[in-house]
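K.L.:
quick check, what structure comes out for this input:
(one chain, ligands or ions: 1)
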Amino acid sequence: MAPIEGRPLPPPTARPRPRVTVNTNVRHIDMLVPDELTTGRVHRLAMRVGDDALNRPVAIPMLAARGRKPGPVVGLTAVVHGNELNGIAVIHRLFDSLDVEHMRGTVVAAVVVNVPGFLGRRRLLVEGADLNHHFPGDPVGPPWRIYAHRVMDRIVRHVDLLLDLHTASTGRVNTLYVRADMHDARTARLAHLQRPQIIVHSPAADGTLRGAASDLGIPAITVEVGNPQRIQRDVVRGSVRGLRAVLVEAGVLPRRKVQLGPAPVVCSSSHWLYTNQGGLLRVLPGLGDRVSAGEEVATLVDPWGQHVESYRAPTDGIVIGHSVDPVADTGARILHLGAVAPEGSGLHDHTSASSAWRAR
Ligand SMILES: [Zn+2]
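P.N.:
Reported below is the predicted structural model:
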């Protein structure tokens, strides 16, 4: 072969030195057994729940802090929807504040439940499947059902209380609010201790992690911590304060005066308002605003700037969340309106329920 004319080739770059990173801090496990964790330590764990198509393990990063004395196992889950990230910061901040030497029982946190969704920067698990519609799952398949089953079997069934941390979905924003069955004294107490801006009474729905935990007799609430795809320090701080109040009441943290924030607004129900035409949407009230029946809450214009339609609140209520995406097809979400429960509705009672929380 004739030599190639022209400039000589640059000298070869130094070959990268092979580097194997083994994070020796992290222990790989395939079942959570709280009683087998060494006491007086924070454990960094990776819970294998399956393999990807390259036969690489899919493992949920977990933290577990076990105190010196026996007590309940309090469970936290975050990122069941892959782009709902505030819960990660809530867990990190909470664990930074824990003093295992003076703790009872165990705090266990699944930092990223939906590993494929997190890596893909998306809400869903695989093939359009919303993991939070498939609990308690199925030991055989398909993939999203076996994933849900292993989360239940390997993590959730080993805890005594569960707080599942979420955020709004893409294109929407939320207050710091809690969804809980307020007719159950245990979950009502969990909800009130969180001191969110708003509590929405909602019996646990089929398919959700909260519902599947409840079916196992584990008191569980959903905490909606702000907005997707970002870390928001203010709502994260508020959520950590609420979690510490739960840990004090559960006896995990030493009993001391807990500074509870202002009482939340309790809603007996909530629903979304939707557009019935398409266009560019503008939502008028802000998060946490009270609206009156008949008040204009949104407008829709066409691409030529002409007014298409106004939307009005069908009832009095409080704005729990709303759309921030102006691009609206027919049926787009406008705002999430909570019906404020009157005093005496039975949803405000929140006497101590810690004795009802099972202790390990
Ligand atoms: Zn979610």
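K.L.:
near the ion, which residues of the stretch 51-200 of the chain are found?
P.N.:
His81, Glu84, His166 (CB under 5 Å from the ion). (C-beta placed from N, C-alpha, C; glycine too.)
K.L.:
Ala78 is in contact with the second one, correct?
P.N.:
Read that as Glu84. Yes. Assessed by CB atoms under 8 Å, Glu84 is found in contact with Ala78 at 7.5 Å.
K.L.:
tell me, what's touching those two both at once?
P.N.:
Shared contacts of Glu84 and Ala78 (CB atoms under 8 Å, 6 or more residues apart in numbering): Leu165.
K.L.:
just the pLDDT at Ala263, thanks.
P.N.:
Looking at Ala263, its pLDDT stands at 88.
K.L.:
please apply the same query to Pro8.
P.N.:
pLDDT for Pro8: 78.
K.L.:
just to confirm, which helix or strand has it in it?
P.N.:
Using DSSP states H and E, Pro8 is not contained in any helix or strand.
K.L.:
quick check: phi and psi at it.
P.N.:
phi -70, psi 150 (degrees, to the nearest 10).
K.L.:
and it, how far from the ion?
P.N.:
Pro8 sits 58 Å away from the ion when distances are taken as CB to the ion, to the nearest Å.
K.L.:
give the burial count for Ala46, as a bare number.
P.N.:
Using other CB atoms under 10 Å, Ala46 has 17 other residues around it.
K.L.:
excluding chain neighbours, give the residue nearest to it in space.
P.N.:
Ala59 (3.9 Å; CB to CB, 6 or more residues apart in numbering).
K.L.:
who touches the one you found in this structure?
P.N.:
Ala59 neighbours (CB under 8 Å, 6+ apart): His28, Ala46, Met47, Arg48, Val49, Val115.
K.L.:
returning to that earlier point: in the residues of the stretch 51-200 of the chain next to the ion, which residue is surrounded by the most others?
P.N.:
These, ranked by neighbours (other CB under 10 Å): first place Glu84, 28 neighbours.
K.L.:
ok, now which ones touch that one?
P.N.:
With contact set as CB under 8 Å, 6+ apart, Glu84 has these partners: Ala78, Arg123, Leu165, His166, Thr167, Pro228.
K.L.:
picking that back up, of the contacts of Ala59, which belong to helices?
P.N.:
Mapping the contacts of Ala59 onto helices (DSSP state H) picks out Val115.
K.L.:
please indicate which of the contacts of Ala59 are buried?
P.N.:
Among these, the ones that count as buried by 16 or more other CB atoms under 10 Å are Ala46, Met47, Val49, Val115.
K.L.:
for these, give me TSV that also has distance to Val319 and pLDDT.
P.N.:
Putting the buried ones among the contacts of Ala59 into TSV (distance: CB to CB, whole Å; pLDDT from 0 to 100) gives the following:
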residue	distance to Val319	pLDDT
Ala46	40	97
Met47	38	97
Val49	37	97
Val115	33	97
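K.L.:
for those residues, which one is nearest the ion?
P.N.:
Using CB to the ion, Val115 comes nearest to the ion of those, at 15.2 Å.
K.L.:
distance check, the nearest residue to that closest one once chain neighbours are set aside against the ion.
P.N.:
Leaving aside its chain neighbours, Val115 sits nearest to Val58 (5.2 Å; criterion: CB to CB, 6+ apart). From Val58 across to the ion, the span is 20 Å (CB to the ion).
K.L.:
let me see the ranges of the helices in the stretch 101-250 of the chain.
P.N.:
With helices called from DSSP state H, counting those that start in this stretch, the stretch 101-250 of the chain shows them at 115-119, 143-154, 185-194, 209-215, 233-249.
K.L.:
need these in a markdown table with distance to Thr330, can you?
P.N.:
Converted to a markdown table, the helices of the stretch 101-250 of the chain look like this (distance: least, CB to CB, whole Å):
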| stretch | distance to Thr330 |
| --- | --- |
| helix 115-119 | 28 |
| helix 143-154 | 29 |
| helix 185-194 | 35 |
| helix 209-215 | 30 |
| helix 233-249 | 32 |
